[in-house]
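S.K.: make a model of this:
(4 chains)
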There are 2 protein chains.
Amino acid sequence: MTQTARSDHRRSLSAQRRAQREEQILETAMQLFAEYGYSDTDTQLLAEKLQVGKGTIYRYFPSKRALFLAAADRVMRLMRQSIDERIQGIDDPFERISVGIRAFLSFFAEHPEYVELLIQERAQFKDRKKPTYFVHRETNIKRWQELYRSLIEAGRIRNMSVERITDVVGKLLYGTMFTNYFLGERPCVEKQVDDILDVVFYGILSDTERKKGR
Amino acid sequence: MTQTARSDHRRSLSAQRRAQREEQILETAMQLFAEYGYSDTDTQLLAEKLQVGKGTIYRYFPSKRALFLAAADRVMRLMRQSIDERIQGIDDPFERISVGIRAFLSFFAEHPEYVELLIQERAQFKDRKKPTYFVHRETNIKRWQELYRSLIEAGRIRNMSVERITDVVGKLLYGTMFTNYFLGERPCVEKQVDDILDVVFYGILSDTERKKGR
DNA sequence: AGAATGGAACTGACTGGTCAGTCCTTTATC
DNA sequence: GATAAAGGACTGACCAGTCAGTTCCATTCT
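M.R.: This is a model prediction of the structure:
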């Protein structure tokens, strides 16, 4: 009994320590993968940055590949978390949407290295069925669709398929994230959110043309 | 004189032949790069596919890197060309825009391997100042801005910055191209164009909400 | 016409360097 | 002192790029 308890204690201590170390490795690995790209990242260099033997890394992750994929998953977890924090407690659906969009864009604007990781993932692991981003997207998108549906029911958005909306908005955000990263300038997120909401909410047609078309 | 003429003839013949061969190499290289990714593409395999010695490839391109970048440039040339053909002779600006969007999306939907190449480029050559896609984008976007400007002057689009429009539409198209490719199903381009035009032209707000907001 | 020539195009075995992953030794922990 | 963790030298696979040798072909010579 005492024996078991003690060994449990010991195990849990080392498990905690292990988790901590794992997180350290993931964080540093992510930086290196983002900086040098997957294949140009030498595990030797990673070991040196961590001030650890190369063998140690392989005690935590079975292969370079597994290490990378774990880092990519971590990014998406962090994203979800960051957005959740920002929209928590906001009730007005419009407000919720615009804060959500802002949170998404800021997250990646503040962490360009995460975008790089997503690109690296797609470039190196084409065989995987679906990129991490889209695996997470599927779960997340449902929440947004409910939001839009409630706005339609309230008569604040015109009656149209919510899939159509989330599809277009999702693609727009995805494109914006990449464009921002590729063009390299720190974007003004506020302005971008304004642009997006202005176009998507109001459309670009003039009033006269709008009447003609319907 | 005869000498020069004859040697000119020879030179132009061989130049033609050279160009032809170059094109062959680029086409096959593009397929392999798209299938295996940049670093997993062995130049040896490329040589075998071309039924050519490995050294020959290096007579046409100084390095694997240069070969790849030439292939990426080719993709963007082909894109521009394909869109130009489709919008040629169309006068109505709205029609021109919607056909242009359709042409863009079909081009990449029909050639998913081109999308893969653009991803590979970004993943492997992070040091290059700007990805090929954006280099070409800058030239192309001007034409679209003029189109939108004329529509504003004609009172068919509401008075707003044309940069704002092309920015949003450009990002939306970019995101759509990648999403289509990553999700892997052949998209129904017609439906996508409808979705995009519907949202971007009319906006998603209901009439009552629209009045409120202004 | 047919042979000879020279140089361009092509070839593919080889080299040198790189790096993921292993494994035996050393160090820490209890 | 026994066990677990960490270290880092080592190995073997891999592959871009090279280069010495070969083939091809347009032109010139006989």
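
S.K.: what ranges does chain A have for its helices?
M.R.: A:2-36, A:43-49, A:54-60, A:64-87, A:93-110, A:112-124, A:132-153, A:162-183, A:189-197, A:207-213 (DSSP state H).

S.K.: contact partners for A:L78?
M.R.: Contacts of A:L78 were listed using CB atoms under 8 Å, 6 or more residues apart in numbering or on different chains, and they are A:F107, A:Y114. C-beta here means a position set from N, CA and C on the backbone, and glycine is covered the same way.

S.K.: do that again at 10 Å, thanks
M.R.: Neighbouring residues of A:L78 by CB atoms under 10 Å, 6 or more residues apart in numbering or on different chains: A:M30, A:F107, A:H111, A:Y114.

S.K.: closest residue of chain A to DNA strand D?
M.R.: Residue nearest to DNA strand D within chain A: A:G55 (1.8 Å; CB to the nearest atom of the strand).

S.K.: quick one: which of the contacts of A:L78 has the most company?
M.R.: Using other CB atoms under 10 Å in any protein chain shown as the neighbour criterion, A:M30 leads the contacts of A:L78 with 23 neighbours.

S.K.: ok, that residue to DNA strand C distance?
M.R.: Distance of A:M30 to DNA strand C, given as CB to the nearest atom of the strand, to the nearest Å: 15 Å.

S.K.: measure that residue to A:E121 for me?
M.R.: Using CB to CB, to the nearest Å, one gets 11 Å for the distance from A:M30 to A:E121.

S.K.: name the residues contacting each of these two.
M.R.: Counting by CB under 10 Å, 6+ apart, the residues touching both A:M30 and A:E121 are A:F68, A:A71, A:A72, A:V75.

S.K.: PyMOL command to pick out the buried ones of those?
M.R.: Per 16 or more other CB atoms under 10 Å in any protein chain shown, the buried members of these correspond to this PyMOL selection:
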select buried, chain A and resi 68+71+72+75
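
S.K.: turn the shared contacts of A:M30 and A:E121 into CSV, columns for distance to B:E85 and pLDDT.
M.R.: Converted to CSV, the shared contacts of A:M30 and A:E121 look like this (distance: CB to CB, whole Å; pLDDT from 0 to 100):
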residue, distance to B:E85, pLDDT
A:F68, 41, 95
A:A71, 43, 94
A:A72, 39, 93
A:V75, 41, 92
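
S.K.: between the shared contacts of A:M30 and A:E121, which is nearest A:Q145?
M.R.: A:V75 (23.8 Å; CB to CB).

S.K.: contacting residues for the closest one?
M.R.: A:26, A:30, A:34, A:107-108, A:111, A:113-118, A:121, A:132-133, A:136.

S.K.: and with 7 Å instead?
M.R.: Listed by CB atoms under 7 Å, 6 or more residues apart in numbering or on different chains, the contact set of A:V75 reads A:Y114, A:L117.

S.K.: and the closest residue to chain B within chain A, how far from A:S206?
M.R.: Closest to chain B within chain A is A:G175: 2.6 Å, counting by CB to the nearest CB. To A:S206, A:G175 is 26 Å away according to CB to CB.

S.K.: the two: who's more crowded?
M.R.: A count of neighbours by other CB under 10 Å puts A:G175 above the other of A:G175 and A:S206, at 22 against 18.

S.K.: chain A against DNA strand C: which residues are in contact?
M.R.: A:10, A:13, A:39-44, A:54-55, A:58, A:63-65 (CB under 7 Å from any atom of the strand).

S.K.: let me know the closest of these to B:F125.
M.R.: Among these, and counting by CB to CB, the member closest to B:F125 is A:D40, at 11.0 Å.

S.K.: and the closest one, what pLDDT?
M.R.: pLDDT for A:D40: 92.

S.K.: and for A:R59?
M.R.: 91.

S.K.: now it: how far from A:A34?
M.R.: Applying CB to CB to A:R59 and A:A34 gives a distance of 24 Å.

S.K.: between all of the shared contacts of A:M30 and A:E121, which two are separated the most?
M.R.: The farthest-apart pair in the shared contacts of A:M30 and A:E121, when distances are taken by CB to CB, is A:F68 and A:V75, at 11.0 Å.
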